[in-house]
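> please find the sequence and the predicted model below.
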Amino acid sequence: MQEEIEEQNKYALITGGSRGIGRAICIQLAKDSKYRILINYRSNKNAAEETLREVVLAGGQGELLPFDVVDAESVNTSLDQWQENHKDAIIEVIVNNAGITRDGLFMWMKPEDWNEVINTSLNGFFNVTNRLIKQLLINKYGRIINMVSLSGVKGTAGQANYSAAKGAVIAATKALAQEVAKRNVTVNAVAPGFIATDLTSDLDEKELKKMIPANRFGTSGEVAHLVSFLASEKSSYITGEIININGGIYS
């Protein structure tokens, strides 16, 4: 009975969980784990509520947790308030998924397009993880999973800002993993290639799949299965890794 109560107080937080890969991760974790799902979103409440409905349909439980990962004060205020309302709860899994793109050739890139992308992926990772990691270390268990990208691994023309942001998170993943491994906290990154989501709907899939050995775009569900494994106890000896899921594209 006590173990059941403890399980009910364990949560997985997915930033940018309202759509696309984030939504798929929320649903998969609801299916595969006993974690309650915290669905973070910035502005699209309707999409977040739809994700929550799908989490419940998948047999899970969850709640919405709105904040902007870029705004450290907003992150801290929201998480402090949540913890105040859930005194015995622990966020045991952190999936840093929030990210945006502002593509364009570097020579014409506006400073705001550079800064917004860096702030969301890199500073967003810091703001959320830095606020929560102490609890993981105290409890001597945790899973931190950073969603990066093929662009961060090999670089993509027209995405210097996105490649820089994701590349920095990759480096931070490797460094942080070494700091916290002795406390049974793993830190890994998942680097998707071309995945069929809203973000890639404008791309020429027919042309692009010629460069993919698997000859197709991946699905958000395939990415979510990988994240779900990394969030589980079964992945306890994997840390500091950048796992590509890209149909065979390599730099």
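Good, I have the coordinates.
> show the pLDDT at the residue nearest to the spatial centre of the chain.
What sits nearest the mean C-alpha location of the chain, by Cα atoms, centre = their mean, is Asn97, with 2.5 Å. The score at Asn97 is 98. That number is its pLDDT.
> what of Tyr250?
Tyr250 carries a pLDDT score of 75 in this model.
> next, count neighbours for it.
10 (other Cβ atoms under 10 Å). Yep, even glycine has a C-beta here, placed from its N, CA and C like the rest.
> contacting residues around it?
Contacts for Tyr250 (Cβ atoms under 8 Å, 6 or more residues apart in numbering) come out as Lys154, Asn244.
> against Ala12, how distant is it?
Separation of Tyr250 from Ala12 (Cβ to Cβ, to the nearest Å) stands at 30 Å.
> Asp113 now?
31 Å.
> between those two, who's got more neighbours?
In this view Asp113 and Ala12 are compared by other Cβ under 10 Å, and Ala12 has more residues nearby, 28 against 18.
> who does the more buried one form a beta bridge with?
Ile37, Val93 (DSSP bridges).
> pretty sure it contacts Ala89?
No: counting by Cβ atoms under 8 Å, Ala12 sits too far from Ala89 to count as a contact (11.5 Å).
> confidence score at Leu199?
Leu199 is given a pLDDT of 65.
> list the buried ones in stretch 125-143?
Across stretch 125-143, burial judged by 16 or more other Cβ atoms under 10 Å covers Phe125, Phe126, Asn127, Val128, Thr129, Arg131, Leu132, Ile133, Leu136, Tyr141, Gly142, Arg143.
> hang on, the last one in a strand?
So the one you mean is Arg143. Yes: judged by DSSP: H, G, I helix; E, B strand; the rest coil, Arg143 forms part of a strand.
> just list the residues touching it, thanks.
Arg143 makes contact with Glu92, Val93, Ile94, Val185, Thr186, Leu230, Ala231, Ser232, Ser235, according to Cβ under 8 Å, 6+ apart.
> weed out the non-buried ones from these.
When those are checked for burial by 16+ other Cβ under 10 Å, the buried set is Glu92, Val93, Ile94, Val185, Thr186, Leu230, Ala231, Ser235.
> look up which residues are beta-bridged to the fifth one.
Put plainly, it is Thr186. Here Thr186, judged by DSSP bridges, has bridge partners Arg143.
> isn't it up against Leu176?
No: applying Cβ under 8 Å as the test, Thr186 and Leu176 come out as separate, 10.1 Å apart.
> overlap of the contact sets of these two?
Ile144.
> do a quick rundown of the helices in the protein.
Here the chain has its helices, by DSSP state H, at 2-8, 20-32, 45-57, 72-85, 111-118, 124-139, 150-154, 160-180, 205-208, 220-230.
> how about those in CSV, adding distance to Thr101?
Formatted as CSV, the helices of the chain follow (distance: least, Cβ to Cβ, whole Å):
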stretch, distance to Thr101
helix 2-8, 37
helix 20-32, 12
helix 45-57, 17
helix 72-85, 21
helix 111-118, 7
helix 124-139, 14
helix 150-154, 9
helix 160-180, 5
helix 205-208, 15
helix 220-230, 16
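> now those helices in JSON lines, with distance to Ile245 and mean pLDDT?
Output for these, formatted as JSON lines (distance: least, Cβ to Cβ, whole Å; pLDDT from 0 to 100):
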{"stretch": "helix 2-8", "distance to Ile245": "29", "mean pLDDT": "53"}
{"stretch": "helix 20-32", "distance to Ile245": "10", "mean pLDDT": "97"}
{"stretch": "helix 45-57", "distance to Ile245": "21", "mean pLDDT": "98"}
{"stretch": "helix 72-85", "distance to Ile245": "27", "mean pLDDT": "97"}
{"stretch": "helix 111-118", "distance to Ile245": "21", "mean pLDDT": "98"}
{"stretch": "helix 124-139", "distance to Ile245": "19", "mean pLDDT": "98"}
{"stretch": "helix 150-154", "distance to Ile245": "9", "mean pLDDT": "94"}
{"stretch": "helix 160-180", "distance to Ile245": "14", "mean pLDDT": "98"}
{"stretch": "helix 205-208", "distance to Ile245": "16", "mean pLDDT": "81"}
{"stretch": "helix 220-230", "distance to Ile245": "6", "mean pLDDT": "98"}
